[in-house]
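[1] Just the structure for this:
(4 chains)
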Number of protein chains: 2
Amino acid sequence: MSVQERKQRERAERERLIVATARELAEQQGWDAVTTRQLAERIEYSQPVLYSHFRGKREIIGAVALQGATEMAAAVRAATAAVDGPRERVAALARAYLDFAARNPAVYDAIFQLDGGLAYAQEDTPEPLKDAFAALLECLGEVAGDGVDPGLFTEVFWASLHGVATLTRSGRLPPEYTERRVELLVDRLAVV
Amino acid sequence: MSVQERKQRERAERERLIVATARELAEQQGWDAVTTRQLAERIEYSQPVLYSHFRGKREIIGAVALQGATEMAAAVRAATAAVDGPRERVAALARAYLDFAARNPAVYDAIFQLDGGLAYAQEDTPEPLKDAFAALLECLGEVAGDGVDPGLFTEVFWASLHGVATLTRSGRLPPEYTERRVELLVDRLAVV
DNA sequence: TTGCTTGTCTAGCGATGCTAGGATCGAGTC
DNA sequence: GACTCGATCCTAGCATCGCTAGACAAGCAA
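    Residues are numbered from 1 along each chain as shown, chains lettered A, B, ... in the order given. Next up, the predicted model:
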């Protein structure tokens, strides 16, 4: 039995290596550079090995997305935990969200732009994605205002942040005024 | 001279055909299906002909984006022109924007998601893109509120709509409550 | 008629995601 | 310790992608 266990361990370790390498390569050179050949060479295995772990490139993106969602949830919670006052907490959340998107563009894309074959906003949505939304909801639900569903409010606030994040990074919004945009969003959307 | 003119006319006509066919194919089967081979076959010419009009696939996407931006500007202006009251005008704008995105997903992607090799938010930004932003600004500038730059406000409102549009279409937001999201956005962001 | 420009097509290059089928290695049995 | 056999991995290849070189034909000028 111990032999099988060792093999399983090694296999799991290799899977982590694939995901980590894909993420690293994507952050360095963009997702277009994450080809199965390039990825295989970096992990020092042949291409078909990738397909014994994942159905295809899509699933690899999905794996990076799940890992990233977990980190993003943690980042949001860490940024909001020690802040007093709902208004300032929401502002901290917004900054943390945009900061994560700017610092991890490839991971952000994997979660929110690319097709990783994951289910969103459904029962069978993977736990890390549900939890990332929950992290937003915990903070944003406080400022939804009377008569407004906290979930709906969180969706709208999140969508706004997503719009700012993606339009800024693709060069469609000039990056200089991000902080002022955040302030405007928080001031108008959040009811304190 | 008339021979050259006729040739120029035919050439321009063929260029329109390429753009229209690319757009049609993209709306029918998605941008991934818009391959140079598929596109060439549909216009009944060989692949290299495409490259005598455009540098590559990117420029074709860019051409679709410019055409789409012009249409979107017109759609927004048409939807807001006959509406009384700034609040209702903004609501009409938001609905028109999201409606355009939902009805022309491929064109919307060409404008706001894909890389068409176009410059955004700069001096050399193509006129159709500037005008599309101007169409938003004309309506949204009215409700920016005191002390808030109309351009900045327009960017933020636009980013929010963009977030709702993209997250909804990629299945990350359930589509049922779009109208309620629009109302929330308009109520909170617009100062009437 | 002859030569030349202009326009188009055939064929092909390197790269992509993915897979079939053979080789190799090591665990378990005698 | 030798052998069998299944698990594991790699080589080689398929179809397709964006893009381009070079051959070929059509039509204008001399």
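
[2] which residues sit against stretch A:46-58?
    A:11, A:14-15, A:18, A:34, A:36-37, A:39-40, A:43, A:60, A:63, A:115-117 (Cβ atoms under 8 Å, 6 or more residues apart in numbering or on different chains). To be clear about C-beta, it is placed using only N, CA and C from the backbone, and glycine gets the same treatment.

[3] If we use 6 Å, what do you get?
    For stretch A:46-58, contacts defined as Cβ atoms under 6 Å, 6 or more residues apart in numbering or on different chains pick out A:15, A:18, A:36, A:40, A:60, A:117.

[4] Show me which positions of that stretch end up buried.
    Within stretch A:46-58, the residues scored as buried using 16 or more other Cβ atoms under 10 Å in any protein chain shown are A:50, A:53-54, A:57.

[5] same deal with stretch A:19-36?
    In stretch A:19-36, counting by 16+ other Cβ under 10 Å, buried: A:19, A:21-23, A:25-27, A:31, A:34, A:36.

[6] go on, stretch A:83-102?
    Buried residues in stretch A:83-102 (16+ other Cβ under 10 Å): A:86-87, A:89-98, A:100-101.

[7] same question, stretch A:70-86
    Quick answer for stretch A:70-86 (16+ other Cβ under 10 Å): A:71-73, A:75-77, A:79-80, A:86.

[8] For whichever strand or helix holds A:Ala20, name the packing helices and strands.
    Using DSSP states H and E, A:Ala20 sits in helix A:2-29. The helices and strands touching helix A:2-29, judged by 3 or more Cβ pairs under 6 Å, 6 or more residues apart in numbering or on different chains; DSSP states H and E, are helix A:36-43, helix A:57-81.

[9] which element follows the last one toward the C-terminus?
    Pointing back at helix A:57-81 there. Defined by DSSP H and E, the subsequent element after helix A:57-81 is helix A:86-103.

[10] got the angle between the very next helix or strand once past that following helix and helix A:57-81?
    Per DSSP H and E, the first helix or strand lying C-terminal to helix A:86-103 is helix A:105-112. Note on geometry: by axes from the mean of the first three to the mean of the last three Cα atoms, to 10 degrees, helix A:105-112 and helix A:57-81 are set 100 degrees apart in direction.

[11] ok and helix A:105-112 relative to helix A:86-103, angle-wise?
    On the basis of the same axes, to 10 degrees, helix A:105-112 is oriented at 110 degrees to helix A:86-103.

[12] contact partners of helix A:105-112?
    Under the criterion Cβ under 6 Å, 6+ apart, residues A:26-27, A:61, A:64-65, A:68-69, A:101, A:116, A:169 lie in contact with helix A:105-112.

[13] so where's chain A uncertain?
    Residue ranges of chain A with pLDDT under 70: A:1-3.

[14] near DNA strand D, which residues of it show up?
    Chain A comes close to DNA strand D at residues A:7, A:11, A:45-49, A:52, as judged by Cβ under 7 Å from any atom of the strand.

[15] among those, which two are most distant?
    Using Cβ to Cβ, the residues of chain A next to DNA strand D reach their maximum pairwise distance at A:Lys7 and A:Gln47, which is 21.0 Å.

[16] Name the residues of chain A found near chain B, please.
    A:120-121, A:155-156, A:159-160, A:162-164, A:167, A:171-174, A:181, A:184, A:188-189 (Cβ under 6 Å from any Cβ of the partner chain).

[17] from the residues you listed, which ones fall inside helices?
    A:155-156, A:159-160, A:162-164, A:167, A:181, A:184, A:188-189 (DSSP state H).

[18] Please convert the buried members of these into PyMOL selection syntax.
    Remark: buried members of these, expressed as a PyMOL selection using 16+ other Cβ under 10 Å:
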select buried, chain A and resi 155+156+159+160+162+163+164+167+181+184+188+189
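
[19] now the ones in helices among the residues of chain A next to chain B as JSON lines including distance to DNA strand C?
    Output for these, formatted as JSON lines (distance: Cβ to the nearest atom of the strand, whole Å):
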{"residue": "A:Glu155", "distance to DNA strand C": "31"}
{"residue": "A:Val156", "distance to DNA strand C": "35"}
{"residue": "A:Ala159", "distance to DNA strand C": "30"}
{"residue": "A:Ser160", "distance to DNA strand C": "33"}
{"residue": "A:His162", "distance to DNA strand C": "26"}
{"residue": "A:Gly163", "distance to DNA strand C": "28"}
{"residue": "A:Val164", "distance to DNA strand C": "30"}
{"residue": "A:Leu167", "distance to DNA strand C": "27"}
{"residue": "A:Arg181", "distance to DNA strand C": "35"}
{"residue": "A:Leu184", "distance to DNA strand C": "40"}
{"residue": "A:Arg188", "distance to DNA strand C": "42"}
{"residue": "A:Leu189", "distance to DNA strand C": "39"}
